[in-house]
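Novice: no sequence on this one, just coordinates:
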């Protein structure tokens, strides 16, 4: 291990960057009686990109970027957080609001539908998003005073130059406030909104289907998951475990970081972060540290110096299972964005060769950038075509193939994931996974190892697929298999260590 460098000096925030004006593409349908007249735009009026004035305004912009342009919430949040005026507290609240609304949109929409006197199709998308913003604070957040949830959401409408939205927001949210009853036990009911595993919010009317008469539809709306996921989980896990999974994925979790022990010790990293005001606990792996709050990692002392990367402990297990040794040759298929690639290099003490391959050249640039930040020199990035016809031949001592998957094990960390998965695409996805596993096995030396890894809890992508591939090959054995259950303690996923004879 290299000598530990001096501790970094915490950088001052740079001046806000200048931004060009931008507008927004909005729904052109008629609005409610308090909304704009026919022909008027339904979204925020055009103007220069402003300094963020509140966490709610920041959350609204993140949600708008996600809904209208398909931008991942994390990327939109990072982009806007670089602008002036965004404090750590504002960013944390905006993250809870935006991620929570994306996760629980079906829940919030079911509640709002009972308090809005117009069809959803006739309400402008920007106004509906503000109603979601206010309803989430009232029903699903703790510590937000009722008047703040209403008044600050109305204020965002005014900041967007849509004062005509204010009466609608005020009326709907105040009606919702009047319907809120006590917070009590989580026994499923049509008039209770599940908050977490221990609490629900009672309303004065039914907002969900009956859990006894329409069990699937109740889960779809009360817990906010696509119908196909609910049906799959109920059939495989039963109601009790499905309920646990729903709560786990809907509850915000602070990140876990992986310390680059080539640059610094976990003990020093923990000390420096706690000095900066971030509470930290050790993880299950020697290099893992669990943060106790959500923060922008790029702003933390030590990040720029390459002391750590963000990585859940279930993901950390992939490189640990492969167990690369200094001086070996390693192939990392599907390498981008490079978290596992860097971990392989760190475990090898940056001695040997890690060939990082991906089909997406832009995402592969992030692997190189990450390697430079972590000061790892043994990583060699290469772009492959979609079919892998130009993959490095090898043979390699060890191969990691972390395949593209359904993400069903990380539905909490990636709030958009549950809404992006198309069950009709599963057959195509598993064909890609099979091809990649075959290509990985073909490139391992005799006696060499392959780790097949997913962030899925669906057996069709995990052991069932591995068994199908191995049934058509000789000379490959299963040495060890790990099934990561969501919440025990981190993300869900699957890894299997295979060895060629």
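Specialist: Good, I have the coordinates. Only a predicted model underlies this, so the values are computations on that prediction, with no experimental measurement involved. Numbers count the residues shown, from 1 in each chain.
Novice: surely residue 150 is in a helix?
Specialist: Yes - counting by DSSP: H, G, I helix; E, B strand; the rest coil, residue 150 is located in a helix.
Novice: what about it, distance to residue 174?
Specialist: As judged by Cβ to Cβ, to the nearest Å, residue 150 and residue 174 stand 6 Å apart. In this view, the C-beta of every residue, glycine as well, is placed from N, C-alpha and C.
Novice: who's more crowded, these two?
Specialist: Per other Cβ atoms under 10 Å, whichever of residue 150 and residue 174 has more neighbours is residue 150, with 21 against 16.
Novice: so what's the more buried one up against?
Specialist: Residue 150 sits next to 134, 138, 169-170, 173-174, 177 when contact means Cβ atoms under 8 Å, 6 or more residues apart in numbering.
Novice: ok, now which ones touch residue 314?
Specialist: 409, 455, 484, 490-493.
Novice: make it 10 Å
Specialist: 256, 284, 409-410, 453, 455, 482-486, 488-495 (Cβ atoms under 10 Å, 6 or more residues apart in numbering).
Novice: do residue 281 as well
Specialist: With Cβ under 10 Å, 6+ apart, residue 281 has these contacts: 254, 256, 270, 288-292.
Novice: ok, now residue 113?
Specialist: 119-120, 207, 221 are the contacts of residue 113 under Cβ under 10 Å, 6+ apart.
Novice: out of the residues you listed, who's nearest residue 329?
Specialist: Nearest to residue 329 among the contacts of residue 113: residue 221, at 51.6 Å, using Cβ to Cβ.
Novice: neighbours of the nearest residue to that closest one once chain neighbours are set aside, how many?
Specialist: Residue nearest to residue 221 in three dimensions, not counting chain neighbours: residue 110, with 4.3 Å by Cβ to Cβ, 6 or more residues apart in numbering. By other Cβ under 10 Å, 20 other residues sit near residue 110.
Novice: what about residue 110, distance to residue 91?
Specialist: Residue 110 is 29 Å from residue 91, by Cβ to Cβ.
Novice: likewise for residue 230?
Specialist: In terms of Cβ to Cβ, residue 230 sits 32 Å off from residue 91.
Novice: and if you look at residue 406?
Specialist: From residue 406 over to residue 91 (counting by Cβ to Cβ), the distance is 29 Å.
Novice: and the contacts of residue 150, which of them are in helices?
Specialist: Counting by DSSP state H, the part of those found in helices is 134, 138, 169-170, 173-174, 177.
Novice: related to what we said a few turns ago, quick one: contacts for the residue nearest to residue 221?
Specialist: Counted by Cβ under 10 Å, 6+ apart, residue 110 has contacts 104, 193, 206-209, 217, 220-222, 224.
Novice: which one of those residues is nearest to residue 240?
Specialist: After measuring those against residue 240 - Cβ to Cβ - the closest member comes out as residue 222, at 15.4 Å.
Novice: how many neighbours does the nearest residue to the closest one once chain neighbours are set aside have?
Specialist: Distances taken as Cβ to Cβ, 6+ apart place residue 208 nearest to residue 222, at 4.7 Å, with adjacent residues excluded. By the criterion of other Cβ under 10 Å, residue 208 has 26 neighbours.
Novice: so residue 208 makes contact with residue 190?
Specialist: Yes - with contact defined as Cβ atoms under 10 Å, residue 208 counts as touching residue 190 (4.8 Å).
Novice: any residues in contact with both of these two?
Specialist: With contacts defined as Cβ under 10 Å, 6+ apart, the residues shared by residue 208 and residue 190 are 214, 218, 221-222.
Novice: filter those residues down to the buried ones.
Specialist: 218, 221-222 (16 or more other Cβ atoms under 10 Å).
Novice: looking at those residues, which are in helices?
Specialist: Per DSSP H, helices hold the following members of those: residue 218.
Novice: what's the pLDDT at residue 267?
Specialist: If you check residue 267, the pLDDT there is 97.
Novice: highest neighbour count among the contacts of residue 150?
Specialist: residue 134 (29 neighbours).
Novice: contact partners for that residue?
Specialist: By Cβ under 10 Å, 6+ apart, the contact set of residue 134 is 56, 108, 112, 144, 149-154, 156-157, 169-170, 172-174, 176-177.
Novice: what about 7 Å?
Specialist: 149-150, 153, 169, 173 (Cβ atoms under 7 Å, 6 or more residues apart in numbering).
Novice: can you get me the start-to-end distance on stretch 181-200?
Specialist: With Cα to Cα, to the nearest Å as the measure, stretch 181-200 spans 10 Å from end to end.
Novice: gap between the two ends of stretch 333-351?
Specialist: End-to-end distance of stretch 333-351 (Cα to Cα): 19 Å.
Novice: for that stretch, list every residue counted as buried.
Specialist: Buried-residue list, stretch 333-351, by 16+ other Cβ under 10 Å: 333-350.
Novice: how about stretch 362-371?
Specialist: 364, 366-367, 370-371.
Novice: helix/strand/coil for residue 482?
Specialist: strand.
Novice: tell me what it is bridged to.
Specialist: Beta-bridge partners recorded for residue 482 (DSSP bridges): residue 495.
Novice: quick one: contacts for it?
Specialist: With Cβ under 7 Å, 6+ apart, residue 482 has these contacts: 317, 321, 495.
Novice: doesn't residue 494 make contact with the first one?
Specialist: No - using Cβ atoms under 7 Å, residue 317 makes no contact with residue 494, being 10.2 Å away.
Novice: of those two, which one has the most company?
Specialist: The neighbour count for residue 317 versus residue 494, taken as other Cβ under 10 Å, is higher for residue 494 (25 against 20).
Novice: assumed residue 206 was part of a helix.
Specialist: No - judged by three-state DSSP, residue 206 forms no part of a helix; its state is coil.
Novice: need the pLDDT of it.
Specialist: 97.
Novice: kindly report the domain assignment for the protein.
Specialist: 30-182, 210-250, 252-305, 311-500 (automatic domain parsing).
Novice: mind putting these into JSON lines with distance to residue 202?
Specialist: Output for those, formatted as JSON lines (distance: least, Cβ to Cβ, whole Å):
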{"stretch": "domain 30-182", "distance to residue 202": "4"}
{"stretch": "domain 210-250", "distance to residue 202": "13"}
{"stretch": "domain 252-305", "distance to residue 202": "23"}
{"stretch": "domain 311-500", "distance to residue 202": "25"}
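Novice: which one of those domains lies nearest to residue 199?
Specialist: Closest approach to residue 199 among these (Cβ to Cβ): domain 30-182, 9.2 Å.
Novice: one step back: can you name the two of the contacts of residue 134 that sit furthest apart?
Specialist: 149 and 169 (10.4 Å).
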